[in-house]
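S.K.: Sequence and computational prediction follow.
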Amino acid sequence: MPRPPRPVFDFADPSRAAAFAPVDDVVMGGRSSSRVAAEAGRLVFTGEVSLAQGGGFASIRSRPGRLGLAGHDGLVLRLRGDGHRYRLNLCHDEALDGPTWQAPFETVAGVWRQLVLPFSAFAPRFRGTPRPEAGPVDPGRLGTLGFLISDRQAGTFRLEVEWVSAWAGARPVEG
């Protein structure tokens with residue numbers, strides 16, 4: 001019997017957005033900037049990606065702490081984007097300088113959708129470079145979750161997220 005999705009982050013509680021902080025390309029000399037805020041029951045990730053000085057990414061991630069996703073098959077999110085491509089980032093434990101497992105997703109400007117990402121869709125990377133030797137993501141070890149915009153998409157962006165849940169068993173309906 002499939003279990004109902006388990007909430008991981010529900011941004012109806014504005015304090016849940018406070019668990020996220022920006023990590024932009026300024027850490028390597030770039031000029032991109034981002035902000036995270038709670039607005040009307042949503043986490044809102046906004047900013048501007050700049051390609052100046054070798055930059056080109058903006059991201060946010062949750063504070064480290066076990067997400068408790070052992071036994072789950074993936075994540076389902078309710079979000080609205082701006083037509084840009086994003087990536088959902090997952091990190092094991094509290095290792096903030098280790099591999100990041102990423103799954104890309106597309107948004108349609110102004111359209112709310114339910115996005116389903118099985119853990120099998122996440123590929124390991126370290127500082128943007130594929131690292132297949134890191135193996136598959138281990139849901140039981142996940143310690144942070146975040147969003148990234150990169151891929152030379154210069155300019156302003158806005159991503160709104162209502163909630164993130166984990167699912168096991170039957171795959172939820174995407175749409």
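M.R.: Received, thanks.

S.K.: What about residue 151, how many residues nearby?
M.R.: Using other CB atoms under 10 Å, residue 151 is surrounded by 13 other residues. (C-beta placed from N, C-alpha, C; glycine too.)

S.K.: whoops, I mixed them up, residue 80
M.R.: 18.

S.K.: Point to the helix or strand of this structure where mean pLDDT is at its lowest.
M.R.: Least confident helix or strand of the chain, by mean pLDDT, DSSP states H and E, is strand 129-130 with a mean of 92.

S.K.: List the strands paired with that one, with their directions.
M.R.: Next to strand 129-130 in the sheet, as set by DSSP bridges, lie strand 123-126 (antiparallel).

S.K.: distance between the partner strand and the chain's centre?
M.R.: 14 Å (CA atoms, centre = their mean, to the nearest Å).

S.K.: Next, the buried residues of that strand.
M.R.: Of the residues in strand 123-126, 123-125 count as buried by neighbour count, 16 or more other CB atoms under 10 Å.

S.K.: quick one: low-confidence ranges for the protein?
M.R.: Low-confidence segments of the chain (pLDDT under 70): 1-4, 94-96.

S.K.: How are the strands of it distributed by residue range?
M.R.: 6-10, 20-22, 33-39, 42-49, 58-62, 74-80, 85-92, 100-106, 112-118, 123-126, 129-130, 142-149, 155-167 (DSSP state E).

S.K.: buried residues in the second one?
M.R.: To tie it back to what came earlier, the one meant is strand 20-22. 20, 22.

S.K.: my read: residue 29 touches residue 55, true?
M.R.: Yes - using CB atoms under 8 Å, residue 29 makes contact with residue 55 at a distance of 7.2 Å.

S.K.: hang on, the earlier thing: most packed of the strands of the chain?
M.R.: strand 58-62 (a mean of 25; mean count of other CB atoms under 10 Å).

S.K.: For residue 52, give me its contacts.
M.R.: 30-31 (CB atoms under 8 Å, 6 or more residues apart in numbering).
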